[in-house]
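Visitor: test case, fold it:
(chains A and B)
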Protein chains: 2
Amino acid sequence: MPEKTPRIAVDAMGGDIGPRVNVPAAMQVAREGIHITLVGDADVLRAELARHKGASELPITIHHASQVVGMDEKPSDGLRRKKDSSIQVACQLVKDGLADGVVSAGNSGASVACGMFVLGRIKGVERPALASFLPTEKNPVVLIDVGANVDSKPFHLAQFGIMGDVLARDVLGVERPRVGLLSIGEEEGKGNVMVKEAFDLLKQTSLNFVGNVEGRDIFTGDLDVAVCDGFVGNICLKLSEGLGRSFGRVLKRELKRHVLSRMGAALSMGSLKNFARMLDYAEYGGAPLLGLKSILIVCHGASNIKAMTNAIRMAVTFVRKESHEHLAIELAAHKELGQFSRHKVQEELSQPA
Amino acid sequence: MPEKTPRIAVDAMGGDIGPRVNVPAAMQVAREGIHITLVGDADVLRAELARHKGASELPITIHHASQVVGMDEKPSDGLRRKKDSSIQVACQLVKDGLADGVVSAGNSGASVACGMFVLGRIKGVERPALASFLPTEKNPVVLIDVGANVDSKPFHLAQFGIMGDVLARDVLGVERPRVGLLSIGEEEGKGNVMVKEAFDLLKQTSLNFVGNVEGRDIFTGDLDVAVCDGFVGNICLKLSEGLGRSFGRVLKRELKRHVLSRMGAALSMGSLKNFARMLDYAEYGGAPLLGLKSILIVCHGASNIKAMTNAIRMAVTFVRKESHEHLAIELAAHKELGQFSRHKVQEELSQPA
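Guide: Next up, the predicted model:
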């Protein structure tokens, strides 16, 4: 059976830079044979495409959307007042079966809101969560949630663990992912009130739950999934990113300091490039919002062309592997998922507002 | 007026390794003319001292304590059931005026508990907080709290901000420290419930409050104090430490991979050493527990001799600069401190249990 070509809707107006990043990234993936729909101001997008040679021969279509949710706008306002925003229209294309997944570097709160209310949640999932792949000394680790939710409840964390487990198996190919709960000590009973309760819930699941893990355990590669509240996860993600950049700058400065070192730096350029690649979060592109009925990849507002290209490729991988359907099936198979849900999930809430 | 020689009580039994680390570290500082009291099992400590040449000529005394709080023991149990533990006896020496400060690499929960109930809190401080100095691209930054409290209240965070400000001025010599609140977005209104309320409180202070900061802002050097709950701070501290080590290992591996790189590595050894020093948290030694009536430095359980030596030196600096008295005066001058205190501080709670 020939594989269906994935069709990705790109929120072309999203991000700190917007079309100047999103359009070249979309073109890059279109060159690989993927159908892309650029969603946003048609005039702006046509003009941006015209700047690039060969754009007209690529499988790219433009779908007009007259509004944009600003990066600092309140997500709920963006959802209610801007029904024709690029992110909402992109999600609607997927909902209507005209695309298979959405990628956006726009206001991430608005992306999460559109994901929840336009695409809808998988049955049993109360809070979708953003999963990020972090580089380690060995294989990547899934950090979940990195910012879709703050002030999570313990059973949300347990659900994040189940979703992270499915992701690690399906996308990273880990057979029996080691799932840890991010806390401030390895022993059971360490942590804040939320984490202590989440520990008890995760213990009851069929997951390969390895208990509490500490910040220092994330990067050794001895863990596959690290579970935390979105407030903690977002701080960890940005701290890692910032520390990586600072290390890179200090290293460069140190290597340039002496003549001998300058020679050394020249000689070890290949190695340093490999090293820098590990530090560069652009390699991983975006964070999938897990728990939705379709695929939504949320990118850093400051994404460059490389990061955006990799995020669109990530959406393609999810479509090709049918990861999303797989996730729904796997989640349904986890009896614990429903059990943790304090409130019956109201499917009507998942309908467009 | 000649300066009084500082007298430091070292919890000689504390830490993953214990006397084998604590005694050589204490000797190192004693060689610099500091009076040290080693607190712990007198036989064990005498035997350890006997292993080192010239120990008998140093200004070191042993104070016997028959018990040790285990690293995994519940802090409250350690406090109540082990009245003759090395950490509790060390704090009592300070309380009795026989030493000027305490350093411990033992069970940090027990150290915090002994600090609160034996040394006592400065008037108006409801929750002492652990402050850590993190390296950045420029000057060190104070991260507070890194684990004395979990499940903090918003006004605790405001108090941490005030304490961090005093520390940055007094110890780092920053004239008007830039105090930021660790959150998941720079705009006001970003964060969880606790952080949003803390933001409103910090805005009302006379601090140079720069608003929310993100994880990536910590290491640039454009901030002097980062305020957070101890759960978040502890995870950040350990994540930074772990990431630093992983980077170091990957870098070494990458540099060794090719012959050319091996030459490069040899040539740039001096530079890499400078770089490694920035990564090495042992340089900073320990974390002062701020808000107490005396000086208590809490060290990593895995501290090596270098880290422990630097932690004892940190205690000496605090004593010499009278930072602790300074802190009490400065805290009293901050009218906001009392204002944030929901409950009147009960001084009797600060007495030994």
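
Visitor: now do the SS call for residue A:161.
Guide: Under DSSP: H, G, I helix; E, B strand; the rest coil, residue A:161 falls in the helix class.

Visitor: swap that for residue A:288, sorry
Guide: Assignment for residue A:288 (three-state DSSP): strand.

Visitor: for it, list each beta-bridge partner.
Guide: residue A:297 (DSSP bridges).

Visitor: what is the burial count for it?
Guide: 31 (other Cβ atoms under 10 Å in any protein chain shown). Just so you know, the C-beta spots here come from the backbone N, C-alpha and C atoms, and that holds for glycine as well.

Visitor: what residues are up against it?
Guide: Counting by Cβ atoms under 8 Å, 6 or more residues apart in numbering or on different chains, residue A:288 touches A:130, A:131, A:167, A:295, A:296, A:297, A:298, A:314, A:318.

Visitor: would you confirm that the fifth one contacts residue A:102?
Guide: When you say that, I think you mean residue A:296. Yes: using Cβ atoms under 8 Å, residue A:296 makes contact with residue A:102 at a distance of 4.9 Å.

Visitor: joint contacts of the two?
Guide: Counting by Cβ under 8 Å, 6+ apart, the contacts common to residue A:296 and residue A:102 are A:91, A:115, A:119.

Visitor: what's near enough to touch the last one?
Guide: Contacts were defined as Cβ under 8 Å, 6+ apart; by that measure residue A:119 touches A:91, A:94, A:95, A:102, A:292, A:293, A:294, A:296.

Visitor: who's in contact with residue A:174?
Guide: A:139, A:168, A:224.

Visitor: residue ranges of the helices in the stretch 101-250 of chain A, please?
Guide: Using DSSP state H, counting those that start in this stretch, the helices found in the stretch 101-250 of chain A span residues A:108-114, A:154-170, A:193-203, A:230-256.

Visitor: ok so, going back, ok, and which of the contacts of residue A:174 reach chain B?
Guide: Residues of the contacts of residue A:174 in contact with chain B (Cβ under 8 Å from any Cβ of the partner chain): none.

Visitor: who wins on neighbours among those?
Guide: Going by other Cβ under 10 Å, residue A:168 tops these with 27 neighbours.

Visitor: pLDDT score for that one?
Guide: pLDDT recorded at residue A:168 is 92.

Visitor: quick check: closest non-adjacent residue to it.
Guide: residue A:177 (3.7 Å; Cβ to Cβ, 6 or more residues apart in numbering or on different chains).

Visitor: so what's residue A:347 scoring on pLDDT?
Guide: pLDDT at residue A:347 comes out at 37.

Visitor: same question for residue A:336.
Guide: Note on residue A:336: pLDDT of 62.

Visitor: most surrounded residue in the contacts of residue A:288?
Guide: residue A:296 (33 neighbours).

Visitor: which residues are in contact with it?
Guide: So residue A:296 contacts A:91, A:101, A:102, A:103, A:104, A:111, A:114, A:115, A:119, A:288, A:289 (Cβ under 8 Å, 6+ apart).

Visitor: just to check, the third one is in contact with residue A:298?
Guide: No: with the criterion set as Cβ under 8 Å, residue A:102 and residue A:298 do not qualify as a contacting pair; they are 9.2 Å apart.

Visitor: residues touching the one helix or strand residue A:89 maps to, excluding its own?
Guide: Using DSSP states H and E, residue A:89 sits in helix A:86-95. Here helix A:86-95 makes contact (Cβ under 8 Å, 6+ apart) with A:9-14, A:37, A:39-41, A:63, A:65, A:67-69, A:78-79, A:82, A:99-102, A:104, A:106-107, A:110-111, A:114-115, A:118-120, A:294-296, A:352.

Visitor: buried ones among these?
Guide: Among these, those scoring as buried are A:9-14, A:37, A:39-41, A:63, A:65, A:67-69, A:78-79, A:82, A:99-102, A:104, A:106-107, A:110-111, A:114-115, A:118-120, A:294-296 (criterion: 16 or more other Cβ atoms under 10 Å in any protein chain shown).
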